[in-house]
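Participant: Quick one, what's the 3D model for this:
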Amino acid sequence: MINMFHIGESVTYLELSTLIPGGSEALVYTTLSGTIGMLVPFTSREDIDFFQHLEMHMRNEAPPLCGRDHLSYRSSYIPVKATIDGDLCEQYNSLDPAKRKAIADELDRSPSEVSKKLEDMRTTYAF
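Facilitator: The predicted model follows:
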């Protein structure tokens with residue numbers, strides 16, 4: 001398998017699609033309860049490294065609401081492989097400024113650069 005990731009629900013539809021004119025293709029899925037999600041390919045090694053490190057820091061800084069470890073949830077049936085959780089990375093902007101600064105410093109970026117990188121990834125594929 002190329003990648004593995006526990007979505008948390010039963011996927012009912014899967015299609016390779018673009019959501020914006022001129023945008024890049026991504027796998028769009030829907031689930032039994034109505035969730036719409038995307039699996040987006042990275043185009044550069046730099047982006048992969050950046051988002052892997054951001055996800056790692058977010059696991060430590062943003063505890064889950066229900067108390068369950070994030071990695072154990074995403075690996076419920078099969079260990080996560082070659083997939084970065086964009087929902088977790090998006091929580092960066094909701095952290096308090098001191099935590100955002102600490103994470104950005106670890107990534108050798110400013111908080112605004114991290115936010116911009118998240119926004120660029122979002123607008124390239126979705127809206």
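
Participant: quick one, helices of this protein?
Facilitator: For the chain, the helices defined by DSSP state H cover 45-61, 70-74, 86-90, 97-106, 111-125.

Participant: Tabulate these in TSV, adding columns for mean pLDDT and mean neighbour count.
Facilitator: All C-beta atoms are positioned from the backbone trio N, CA, C, and that covers glycine. Converted to TSV, those look like this (pLDDT from 0 to 100; neighbours: other C-beta atoms under 10 Å):
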stretch	mean pLDDT	mean neighbour count
helix 45-61	94	15
helix 70-74	73	16
helix 86-90	91	16
helix 97-106	96	14
helix 111-125	92	15
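
Participant: and the ones you listed as JSON lines, adding distance to residue 21?
Facilitator: Below are these laid out as JSON lines (distance: least, C-beta to C-beta, whole Å):
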{"stretch": "helix 45-61", "distance to residue 21": "22"}
{"stretch": "helix 70-74", "distance to residue 21": "32"}
{"stretch": "helix 86-90", "distance to residue 21": "22"}
{"stretch": "helix 97-106", "distance to residue 21": "33"}
{"stretch": "helix 111-125", "distance to residue 21": "12"}
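
Participant: Show me the residue at the heart of the protein, geometrically.
Facilitator: By C-alpha atoms, centre = their mean, the mean C-alpha position of the chain lies nearest to residue 86, the distance being 1.1 Å.

Participant: show me what contacts that residue?
Facilitator: 38, 40, 121 (C-beta atoms under 8 Å, 6 or more residues apart in numbering).

Participant: Which of the residues you listed sits closest to residue 14?
Facilitator: Nearest to residue 14 among the contacts of residue 86 is residue 38, at 10.6 Å by C-beta to C-beta.

Participant: With adjacent residues omitted, what lies nearest to that closest one?
Facilitator: Once flanking residues are discounted, residue 38 sits nearest to residue 26: 4.8 Å by C-beta to C-beta, 6 or more residues apart in numbering.

Participant: Check residue 97 too.
Facilitator: Setting aside the residues directly before and after it, residue 97 is nearest to residue 111 in space (C-beta to C-beta, 6+ apart), at 7.3 Å.

Participant: And that neighbour, how close does it get to residue 99?
Facilitator: For residue 111, the distance to residue 99 equals 10 Å [C-beta to C-beta, to the nearest Å].
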